[in-house]
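Student: whatever this is, show me its structure:
(one chain, ligands or ions: 1)
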Amino acid sequence: MREVSIVGLGIMGQALAKALLSSGFTVTVWNRTARKAKKLQSDGAKLAASVAEAIQASGITVFCISTHQDTLSLLNSAGVVLDGKSVIELSSGAPEDATELASYIELQGGRCLVGMILSYPSGIGSERASITTAGDEELWRESEEILSVLARNLSYISDDPKALATMFSALFISRQGYLFGMVYGALLFEKAGLPIQAYLDMLPQLNPLLQDYLDVVRTSVGSDNYSNPQASLETIRGAFDDALAPYKALNTRHDFPELMAEIVDQAIAAGFGGEQMTAILKVLR
Ligand SMILES: NC(=O)c1ccc[n+]([C@@H]2O[C@H](COP(=O)([O-])OP(=O)(O)OC[C@H]3O[C@@H](n4cnc5c(N)ncnc54)[C@H](OP(=O)(O)O)[C@@H]3O)[C@@H](O)[C@H]2O)c1
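Tutor: This is a model prediction of the structure:
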């Protein structure tokens, strides 16, 4: 299938349409603000006069607008026929909205795959981009030709569309934990009156260690076995004391690192002191 429609030409929708055009797809586009389609039209995209026309033009339509609720509103607009049509929803939204959208499309005789893009628009089509999906499994298989143009790393997690919101939360909290940690590190450096650039220059040195953490998480959580640590929870608890000491000495805010230390204490009190750091999962459950 070499035809695809794109609804939504914001920064991301433009990048998606451009990548598909470059790969030789026949691309039909629609955007609420039509002037945003001008450049794509000159690159060969066809401009639909309405959402209904965009959906009619191709078997699969990719939506990339603000939210699932906005997509639902557009699908409710005049003349939209979904029978026999497929929607790949790449807009964001709450879990219950994903369920509502997929149910609505299926009730109208269509199919729906909800996807989450893990990339900036500039990364679309590259090795760095990932798209993870949930929803209609048959559509997932049929969409591979389109999605593989947009991202090199593709995955399908469940036939339940709201599973994607769980994946979003888990990945968001993972990366925000790291970001928060770096900011708390900067805070300490500032308070200590040390040159912040020295800290910023050292941060990339953490990268190999992060790869080790990734391996530990994948092997221990993946097997639910937290034995044979390279550094036990007891050892790490000692390092937390050392790490917290400068914050306390400088009377610097340390609530985030303190919370981490408290959770480690709970895990040790529960008898997991000789296990991997990831054994904290057992007290968080
Ligand atoms: N940018 C990123 O890095 C990134 C990364 C991953 C995922 N995403 C997701 O991709 C989606 C689009 O993001 P974006 O960065 O392209 O945002 P954007 O540049 O702000 O574009 C928003 C798009 O949604 C359209 N839109 C908003 N409300 C609408 C409505 N009620 N009816 C019809 N069209 C509506 C806008 O139309 P107008 O042009 O008429 O305003 C525009 O095409 C979002 O769900 C975002 O979470 C973005």
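
Student: for the ligand, what's its nearest residue on the chain.
Tutor: Gly10 (1.8 Å; C-beta to the nearest ligand atom). No exception for glycine: its C-beta is placed from N, CA and C like everyone else's.

Student: how about that residue, what does it touch?
Tutor: Asn31, Lys36, Cys64, Ile65, Ser66 (C-beta atoms under 8 Å, 6 or more residues apart in numbering).

Student: for it, phi and psi?
Tutor: Phi and psi for Gly10, reported as degrees, to the nearest 10, are phi -70, psi -160.

Student: gap between it and Leu16?
Tutor: Going from Gly10 to Leu16 by C-beta to C-beta, to the nearest Å gives 10 Å.

Student: go on, Asp242?
Tutor: Plainly put, Asp242 is 48 Å away from Leu16 if you go by C-beta to C-beta.

Student: need the contact partners of the helix or strand harbouring Ile280.
Tutor: Using DSSP states H and E, Ile280 falls within helix 280-284. Here helix 280-284 makes contact (C-beta under 8 Å, 6+ apart) with Val221, Tyr226, Leu233, Ile263, Val264, Gln266, Ala267, Ala270, Phe272.

Student: next one: stretch 15-35 to chain centre, how far?
Tutor: Computed by C-alpha atoms, centre = their mean, to the nearest Å, the chain-centroid distance of stretch 15-35 equals 22 Å.

Student: what lies in contact with it?
Tutor: 2-10, 13, 37, 40-41, 43-51, 53-54, 57-58, 62, 64-65, 90, 121-122, 124-125, 146, 149-150.

Student: and that stretch, C-alpha only, in CSV?
Tutor: Extracted in CSV, the C-alpha atoms of stretch 15-35 (Å, rounded to 0.1, in the frame of the first residue of the first chain):
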residue,chain,number,x,y,z
ALA,A,15,8.0,15.9,9.4
LEU,A,16,5.9,12.7,9.0
ALA,A,17,4.4,13.9,5.6
LYS,A,18,7.9,14.9,4.4
ALA,A,19,9.4,11.5,5.2
LEU,A,20,6.6,9.6,3.5
LEU,A,21,6.8,11.8,0.4
SER,A,22,10.6,11.3,0.2
SER,A,23,10.0,7.5,0.4
GLY,A,24,7.7,7.7,-2.7
PHE,A,25,4.3,7.4,-1.0
THR,A,26,1.4,9.2,-2.5
VAL,A,27,0.5,11.5,0.4
THR,A,28,-2.8,13.4,0.9
VAL,A,29,-2.8,16.0,3.6
TRP,A,30,-5.3,18.0,5.5
ASN,A,31,-4.7,20.7,8.2
ARG,A,32,-7.1,23.0,10.0
THR,A,33,-4.9,25.9,8.9
ALA,A,34,-4.6,25.1,5.2
ARG,A,35,-1.6,27.4,4.5
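
Student: what residue in the chain is the furthest from its centre?
Tutor: Distance from the C-alpha centroid of the chain peaks at Ala249, with 38.3 Å (C-alpha atoms, centre = their mean).

Student: for that one, report the pLDDT, please.
Tutor: For Ala249, the model assigns a pLDDT of 98.

Student: which residues of this protein lie near the ligand?
Tutor: 8-13, 31-33, 36, 64-66, 70, 74, 91-92, 117, 120-121 (C-beta under 6 Å from any ligand atom).

Student: now, of those, which are buried?
Tutor: Using 16 or more other C-beta atoms under 10 Å as the burial test, the residues of the chain next to the ligand include 8-10, 12-13, 31, 36, 64-65, 70, 74, 91-92, 117, 121 as buried.

Student: out of those, what pair is the most spread apart?
Tutor: Of all pairs drawn from those, the greatest distance, 20.9 Å, lies between Leu74 and Pro121 (C-beta to C-beta).

Student: where does pLDDT dip in the protein?
Tutor: Applying pLDDT under 70 to the chain picks out residues 1.

Student: so Asp83 makes contact with Glu106?
Tutor: No: counting by C-beta atoms under 8 Å, Asp83 does not reach Glu106; the two are 10.8 Å apart.

Student: neighbour count for those two, which is higher?
Tutor: The neighbour count for Asp83 versus Glu106, taken as other C-beta atoms under 10 Å, is higher for Glu106 (14 against 7).
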